[in-house]
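In: Build me a model:
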Amino acid sequence: MASEVCADDVIARLRSMANPGNREGMARYGITVDRAFGVSMPELRALAKELDKDHELALALWDTGYHEAKILAGLIDDPRQVSEKQMDTWAAGFDSWDVCDQCCSNLFDKTQFAYGKALAWTRDEREFVRRAGYVMMATLAVHDKKAPDTVFELFLPFIIKGSMDERNFVKKAVNWALRQIGKRNADLNVKAIATAKQMQALDSKSARWIAADALKELQSPAVRKKVSKPKKK
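Out: Numbering: from 1, shown residues only. The predicted model follows:
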């Protein structure tokens, strides 16, 4: 179906699905709605299934600049065709936490450049690009079941450094990354807890908040039980 559809057709479809009430709710959650229709994520996922994977359509949708079109682009793009340049261009265009998170978790963490970009973006000063680096760490920890512990151990010093960034959208992503790494298995749980305790000693309100929040979950009985289970063969 995707080959028969152009970006203008999709935008017309999104416009027909517009929901002013949803748009107001998005604004309350800190989402930029200047070019948003208020289409829900379940509706976007259903539309993405209709369209199927289509790299060229994804690029065209992104270029429209519409909020939901950007999220939809991440849902229908083919990670095998995504280049480093595209990833950097799209990351530079992140203007809301949900566009950032959806693109990273639906597309970017499935590309061959995922781990490199996770590290590179945490060094970027732009708020949503830096957030993207830590979101990538979090989603890779959840989605890449076969990755060795060493790649996540490599993330921990970057997480410590990022914990001192007081910007809300960055610190929440840093917290997310630390918690997801610490929930992978028992060994990483120990290392993530040690990382959080290092943060407690930093002269940073953000770092101390991240540490307290992460430790509350990582040391909880539920997480302890989860990581103590033997790995499935």
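In: Pull the distance from the lengthiest helix in the chain to the chain's centre.
Out: Longest helix in the chain by number of residues (criterion: DSSP state H): helix 127-143. With C-alpha atoms, centre = their mean, to the nearest Å as the basis, helix 127-143 stands 5 Å off its chain's centre.
In: All the helices of the chain, residue numbers only.
Out: 7-16, 20-28, 41-51, 55-64, 67-76, 84-92, 97-106, 114-122, 127-143, 149-162, 168-182, 186-200, 205-218, 221-228.
In: Mean neighbour count for these - can I get that in TSV?
Out: (C-beta placed from N, C-alpha, C; glycine too.) Below are those laid out as TSV (neighbours: other C-beta atoms under 10 Å):
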stretch	mean neighbour count
helix 7-16	16
helix 20-28	13
helix 41-51	15
helix 55-64	20
helix 67-76	25
helix 84-92	17
helix 97-106	23
helix 114-122	20
helix 127-143	24
helix 149-162	18
helix 168-182	24
helix 186-200	18
helix 205-218	19
helix 221-228	12
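In: domains for this protein, by residue range?
Out: Listed by automatic domain parsing, the domain ranges of the chain are 1-77, 97-228.
In: For residue 22, which non-adjacent residue is spatially closest?
Out: residue 38 (3.6 Å; C-beta to C-beta, 6 or more residues apart in numbering).
In: lowest-confidence helix or strand of this structure?
Out: Every helix and strand in the chain was compared by mean pLDDT, DSSP states H and E; the lowest is helix 20-28, with a mean of 90.
In: quick one, that helix and helix 97-106 angle?
Out: Orientation check (axes from the mean of the first three to the mean of the last three C-alpha atoms, to 10 degrees): helix 20-28 against helix 97-106 gives 90 degrees.
In: wait, which of the helices of the chain is closest to residue 34?
Out: helix 67-76 (8.2 Å; C-beta to C-beta).
In: What helices and strands are in contact with that closest one?
Out: helix 7-16, helix 41-51, helix 55-64, helix 97-106 (3 or more C-beta pairs under 8 Å, 6 or more residues apart in numbering; DSSP states H and E).
In: If I take it and helix 7-16, what angle do their directions form?
Out: 120 degrees.
In: okay if I get the helices of the chain as a markdown table plus distance to residue 34?
Out: Conversion of the helices of the chain to a markdown table gives the following (distance: least, C-beta to C-beta, whole Å):
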| stretch | distance to residue 34 |
| --- | --- |
| helix 7-16 | 15 |
| helix 20-28 | 10 |
| helix 41-51 | 18 |
| helix 55-64 | 13 |
| helix 67-76 | 8 |
| helix 84-92 | 17 |
| helix 97-106 | 12 |
| helix 114-122 | 24 |
| helix 127-143 | 15 |
| helix 149-162 | 28 |
| helix 168-182 | 17 |
| helix 186-200 | 36 |
| helix 205-218 | 28 |
| helix 221-228 | 39 |
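In: Kind regards, and thank you for your time.
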